[in-house]
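[1] I'll drop the sequence and a predicted model, then ask my questions.
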Amino acid sequence: MDDAPRMYGDLAPWWHLLSAPGDYAREAAHFRDLFTAHPGRPVRTVLELGCGGGNNASHLKAWFDLTLVDRSPEMLAQSRKLNPACEHLEGDMRSLRLGRVFDAVFIHDAVMYLTTAAELRAAMETAFLHLEPGGIALFVPDHTRESFGETTSHGGHDGPDRGLRYLEWVCDPDPLDTAYTVDFAFLLRAPDGRVRVLQDRHVLGLFPRRDWLRFLREAGFAARSVPDEYGRDIFIGVRPA
C-alpha cells in the first residue's frame, strides 16, 4: 500500500468522520433494488471489491450475505468495526482469485483508482470470474469522461471526542489522458482540542462511457448502463447463463 493515499493508510481511523455510513442509506437502497430486480438469478451472496470502510456494506448486509474485500488493511479494520458479522478479506480487485463464485459482484467508487485500461479490464475479469452463471455485477464510478466536471466541495463530521473537516478540489490537468486528480485538505481536531492540517492527493481514472461498455463486453459480460439520481452511470454486467 506504499502508493496509496494517506486516507487509506494512517488516516483510515478518521474515515467515518470524513464519510459517514448514514450518508449511504439512500444509494445503498438503489443498489439493492438493482440486485433484486435482476431477472437472471436471485441475489443472495454478494462480493464487494474495494469495500473501503464498509459504508455501503453497513446497509446492504440487511439484505445480502456479503464478502468484503479491500487492499488496505487499515480500511478493512474500519469496516470490521462497522460490519463485524461480514467476511473480510485483504485483496486487490485487479488480481484477486478466491476460487469461489457469488450471485453478484459490487464495485463502488473504489473502481476510480484504476487509471489505465489494463487495470480496469483486470478488475472486470476478476468480477466475471467470481460470478455464478446468470449473475450480475454493478460498477459505480464517480464519473465517466462525459459526466466529469471540475469542482470543489467541503464537509466533515464530529465524533464524540474529535472532528474532521475537509476541502476537496477536483481537477483534470490533462483532458487527453485517462486520469484526474482530487486534492483534499483536512482539518483534524484531536480529543485535546488541537487541530492539525494535512493534504492528501488522489489520482483517479476517467474513461468514456463507450470504453466501459466495450471493456465489459470483451470480458464476457452482457453490458448496459443506467443513470442514477446523482448523475452517475451505473454499469451493469451480466454473466451469461
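    Structure received.
[2] Shouldn't residue 199 be within a strand?
    Yes: looking at residue 199 with DSSP: H, G, I helix; E, B strand; the rest coil, it is inside a strand.
[3] For it, which residues count as its bridge partners?
    residue 185 (DSSP bridges).
[4] That one reaches residue 182, doesn't it?
    No: applying Cβ atoms under 8 Å, one finds residue 199 not in contact with residue 182, separated by 11.4 Å. No exception for glycine: its C-beta is placed from N, CA and C like everyone else's.
[5] and the two? which has more neighbours close in?
    Shown here are residue 199 and residue 182; by other Cβ atoms under 10 Å, residue 182 has more neighbours (18 against 10).
[6] Which of the three states applies to residue 157?
    Under three-state DSSP, residue 157 falls in the strand class.
[7] which residues touch it?
    Residue 157 is in contact with 16, 17, 18, 20, 163, 164, counting by Cβ atoms under 8 Å, 6 or more residues apart in numbering.
[8] what's around the second one, how many residues?
    Think residue 17. The number of residues packed near residue 17 is 20, by other Cβ under 10 Å.
[9] can you pull the contacts of it?
    156, 157, 158, 159, 162, 163, 164.
[10] can you count the residues close to the residue nearest to the first one when sequence neighbours are not counted?
    Right, the one you point to is residue 156. For residue 156, ignoring the flanking residues on the chain, the nearest one in space by Cβ to Cβ, 6 or more residues apart in numbering is residue 165 at 3.8 Å. The number of residues packed near residue 165 is 17, by other Cβ under 10 Å.
[11] any idea how far residue 204 is from residue 118?
    Counting by Cβ to Cβ, to the nearest Å, the separation of residue 204 from residue 118 is 16 Å.
[12] These two: which has the busier surroundings?
    residue 204 (21 against 9).
[13] Can you show me the helices along the chain?
    With helices called from DSSP state H, the chain shows them at 15-18, 25-36, 57-60, 73-82, 117-129, 209-218.
[14] most tightly surrounded among those?
    helix 57-60 (a mean of 23; mean count of other Cβ atoms under 10 Å).
[15] List of residues touching that one?
    By Cβ under 8 Å, 6+ apart, the list of residues contacting helix 57-60 from outside reads 21, 24-25, 28-29, 31-32, 46, 48, 51, 66, 68, 79, 82-83, 86, 106.
[16] Can you give me the distance of the residue nearest to residue 156 to residue 31?
    28 Å.
[17] thinking again about what came up before, output the helices of the chain as a markdown table; include the columns distance to residue 141.
    Converted to a markdown table, these look like this (distance: least, Cβ to Cβ, whole Å):
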| stretch | distance to residue 141 |
| --- | --- |
| helix 15-18 | 20 |
| helix 25-36 | 13 |
| helix 57-60 | 18 |
| helix 73-82 | 19 |
| helix 117-129 | 9 |
| helix 209-218 | 8 |
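[18] Residue 142: which of these is closest?
    Residue 142 lies closest, by Cβ to Cβ, to one member of these: helix 25-36, at 11.9 Å.
[19] got a list of what residue 28 touches?
    Listed by Cβ under 8 Å, 6+ apart, the contact partners of residue 28 are 56, 58, 59, 60.
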